[in-house]
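Q: coordinates only, sequence not included:
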């Protein structure tokens, strides 16, 4: 039987491996589950649909606050807007919702789940699994990482633009309140990020009803205006969108950069599939969210046709005067919920990148003892908060921020389309012509939207571009640095087989107790063990060599969570496998070993680990400036013991010098 521990996550392929001396035949190899999560099909009931409204559709549900106004203002900046042009804008928004959200994501992309999970990293790992060429796998991985970095940019911009657009509604009724918009928006954003430590579970019960009221209000307001001007329903025909594009040419290209704002948050439909299931997300979109959004957009269009002055803020002017105040309050709640969804998604993506080895370990707090997915990352939370506040101060209006928003959204769309081409061709066995016709068309559409937003780079689009480049550089630097460390440790370490073979003839003193040695290279003796022998010249009676293997899939497969191999009497090699949607808990996993004959006592176990002291080798494999970035990230990373939830009073940490 092949030893499942021979491949450790993060271990780069090496050329000549050190010679491994013959060792005693392993006595036992077993694989079993430890704390394996159970999954049941998500029920399509009212509670599930309400949860979908509160979490999944918060971002796209608040787009009517700014999407229609931003698009029409592109035209009004050049000439007086004609009614047929308003019809064209409404038609463009409608067909963008149909093509991008309904067809691309709801009908097609959501089919490409990875063990029930969705999102840019899930489809990335699925694409990597169906290709053989290592270079192609690396390119697909880079596409997924770039998409994740742009998602982080979206997570910073969403709170800023959503809260600003809601607070700006006060100016409709009270123009003198203009000077208070920025301070109030900053206060709301700071308050939002300050309560993240509580956890979304404690406040999630109110999200659904509020968003139900929000979407219902959107639809009612739209219907009231459409009844006065039913001719706006002609915008359902794509001919008005095509006429607008062909007539305006370059101006329509500029308008597309704002039209795409109506689908911000579309990626959330796919990313949150693992939490709610495919069916509730689809039903909520097709039978409630989409109709309400279309009604509101058409209502705004009808209002601007009848009263061009309403273009100043068509969303709030759609409300009766007595309702504008309450609508500002409701929209503020809705934007906070939209921001919360983006923040929670950012926490999940960040954890996945840590598990995949693209980010250093960060402190992760679990806010719900029963729900593994409800987490809080204080360092990442501060990063998002500072970024959102800086954007509000720098741009000072939702219209200005719209220029920065589109790049992040359309960039993620392109990354998803590229990965989907591989998955649907290789995994679903679609013929090349079918994949090219469908996803090639979507890639062309996404690229058009991206190019339209690229024109806004000087006006603010540089923000997500710069952020994406910096984060991608940092993640690839971390990945490369960790690979070099593991390769150096393999080169300098003693093969495990040689150590086990020499152990009976050695003069090492065995002392009572249990030692758990954490190692990323299970085929080699951990450096912390060699240092312990060099300084203390003792070895415990019971020894466990534990390796945490991070998989490029959401969860470890059932029956393959833990692999145990007895190398010698009371000396075991243990591999714990975790997917990128899971959090390791070493003590809990080791407790499960008792059922398989391993005498593990958590109260007596001592955990030995190494803290690498990184230096430049005589022939460095990393440039000096990238080494500086890597060392900065290493210094600010959380210790492995805290990340693996090991009691600090049971840890023995030994410094090991590593030259790369």
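A: It's in. A quick note: this is a predicted structure, and the numbers were derived from the prediction, not measured.
Q: could you use CA atoms for every contact and neighbour count after this?
A: Will do.
Q: separation between residue 632 and residue 626?
A: 10 Å (CA to CA, to the nearest Å).
Q: run through who's touching stretch 123-136.
A: 112-114, 137, 140-141, 143-144, 416, 419-420, 422-423, 426-427, 552-553 (CA atoms under 8 Å, 6 or more residues apart in numbering).
Q: that one: which residues count as buried?
A: Using 16 or more other CA atoms under 10 Å as the test for burial, stretch 123-136 gives 123-128, 131.
Q: now do the end-to-end distance for it.
A: OK, stretch 123-136 end separation, CA to CA: 15 Å.
Q: same check, this time on stretch 496-511
A: End-to-end distance (CA to CA), stretch 496-511: 21 Å.
Q: coming back round to it: residue 632 and residue 626: who's more crowded?
A: Per other CA atoms under 10 Å, whichever of residue 632 and residue 626 has more neighbours is residue 626, with 17 against 11.
Q: make sure the more buried one is actually in contact with residue 475.
A: No - Residue 626 is beyond contact range of residue 475, at 11.1 Å (criterion: CA atoms under 8 Å).
Q: what's residue 639 sitting at in phi/psi?
A: Torsion angles at residue 639 (phi, psi; degrees, to the nearest 10) stand at phi -60, psi 150.
Q: wait, I meant residue 656
A: phi -130, psi 130.
Q: kindly report the same for the one 3 residues further on.
A: Taking degrees, to the nearest 10, you get phi -100, psi 130 for the backbone angles of residue 659.
Q: measure it to residue 612 for me?
A: Residue 659 is 10 Å from residue 612, by CA to CA.
Q: of those two, which one has the most company?
A: residue 659 (18 against 15).
Q: pairing partners for the top strand by length along the chain, with directions?
A: Secondary structure assigned by DSSP state E gives strand 538-550 as the longest strand of the chain. Paired strands of strand 538-550, with direction, are strand 509-518 (parallel), strand 571-578 (parallel) (DSSP bridges).
Q: buried residues, it. List them.
A: Buried residues in strand 538-550, counted by 16+ other CA under 10 Å: 539-540, 542-550.
Q: contact partners of that strand?
A: By CA under 8 Å, 6+ apart, strand 538-550 touches 8-10, 355-357, 508-522, 532-533, 570-580, 584.
Q: strand partners (parallel or antiparallel) of the helix or strand just after that strand?
A: Sequence-wise, the next helix or strand downstream of strand 538-550 (DSSP states H and E) is strand 562-568. Strand 562-568 has the following strand partners under DSSP bridges: strand 29-32 (antiparallel), strand 571-578 (antiparallel).
Q: buried residues in the next helix or strand after the longest one?
A: Same thing as strand 571-578. Going down the chain from strand 571-578, the next helix or strand is helix 586-591, by DSSP H and E. Under the neighbour-count criterion of 16+ other CA under 10 Å, helix 586-591 has 586-587, 589-591 buried.
Q: same question for stretch 74-87.
A: Buried residues in stretch 74-87 (16+ other CA under 10 Å): 74-75, 81, 83-87.
Q: and it, average pLDDT?
A: Regarding stretch 74-87, the rounded mean pLDDT is 83.
Q: who's in contact with it?
A: Outside stretch 74-87, the residues that reach it (CA under 8 Å, 6+ apart) are 72, 232, 234-235, 240-241, 244, 251, 254-255, 301, 304-305.
Q: do that again at 10 Å, thanks
A: By CA atoms under 10 Å, 6 or more residues apart in numbering, the residues outside stretch 74-87 that reach it are 68, 70-73, 88-92, 231-237, 240-241, 243-245, 247-248, 251-252, 254-258, 298, 300-302, 304-306, 308, 311.
Q: need the helices for the stretch 301-450 of the chain, in chain order.
A: Under the criterion DSSP state H, counting those that start in this stretch, the stretch 301-450 of the chain contains helices at 314-317, 324-356, 378-395, 398-422, 432-454.
Q: residues contacting residue 615?
A: The contact partners of residue 615, taken as CA under 10 Å, 6+ apart, are 627, 631, 657-660.
Q: keep only those of the residues you listed that are in helices.
A: 627, 631 (DSSP state H).
Q: point to the helix or strand of this protein where mean pLDDT is at its lowest.
A: Lowest mean confidence among the helices and strands of the chain (mean pLDDT, DSSP states H and E): strand 29-32, at a mean of 58.
Q: now the element after that one, going C-ward?
A: Using DSSP H and E, the helix or strand that follows strand 29-32 in sequence is helix 46-55.
Q: quick one: average confidence on that following helix?
A: Averaging pLDDT along helix 46-55 gives 75.
Q: one more: stretch 303-310?
A: Stretch 303-310 comes out at a mean pLDDT of 88.
Q: contacts made by it with the rest, please.
A: Here stretch 303-310 makes contact (CA under 10 Å, 6+ apart) with 69, 72, 80-87, 222, 225-226, 228-229, 232, 297-302, 311-318.
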